[in-house]
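Enquirer: Okay, structure incoming, though there's no sequence with it:
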């Protein structure tokens with residue numbers, strides 16, 4: 001497995017810690033399902049990367065998961081720029097809305113499971 005650490009701005013470490021302590025309901029719900037190597041890989045919450053913080057990240061396979069909702073007051077252009085910069089480091093993104101996580105967790109988890117499997121096979 002590649003287990004690639006993306007460099008980040010040191011000041012983000014404190015902010016990431018604060019975000020972990022103040023997670024949104026959709027973040028908590030998804031975390032309960034993906035923590036402790038539930039899919040054979042380890043995810044981390046609120047991970048600093050470059051000048052950004054992603055909701056969930058798996059270093060082993062380079063998978064970032066973002067939950068978009070009211071807590072994300074960024075524009076589409078900002079999110080696209082941020083995602084493109086991180087994809088340059090071979091990070092794969094999955095994006096889900098707050099509503100998808102709260103109302104359709106089964107489908108969200110199927111997408112996560114299929115993506116983890118596909119990325120894991122690429123690395124092996």
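Expert: All right, it came through fine. Just so it is clear, the model here is predicted, and its values are computed rather than measured.

Enquirer: Contacts for the longest helix belonging to the chain next, please.
Expert: Ranked by number of residues, the top helix in the chain under DSSP state H is helix 105-123. For helix 105-123, the external contacting residues (CB atoms under 8 Å, 6 or more residues apart in numbering) are 1-2, 29-30, 33-34, 39-41, 58, 60-63, 65, 92, 94, 96, 100-101. (Glycine included, C-beta is placed from N, CA and C.)

Enquirer: Stretch 92-100 now?
Expert: Contacts of stretch 92-100 (CB under 8 Å, 6+ apart): 24-26, 30, 61-70, 83, 86-87, 107-108, 111-112, 115, 119.

Enquirer: how about that stretch: buried residues?
Expert: 92-94, 96-98, 100 (16 or more other CB atoms under 10 Å).

Enquirer: before we move on, what about stretch 105-124?
Expert: 105, 108-109, 112, 115-116, 119-120.

Enquirer: got a markdown table for those, with pLDDT too?
Expert: Shown next, in a markdown table, are the buried residues of stretch 105-124 (pLDDT from 0 to 100):
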| residue | pLDDT |
| --- | --- |
| 105 | 97 |
| 108 | 98 |
| 109 | 97 |
| 112 | 98 |
| 115 | 97 |
| 116 | 97 |
| 119 | 95 |
| 120 | 93 |
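
Enquirer: Show me which of the contacts of stretch 92-100 are buried.
Expert: Buried among these (16+ other CB under 10 Å): 24, 26, 30, 61-69, 83, 86, 108, 112, 115, 119.
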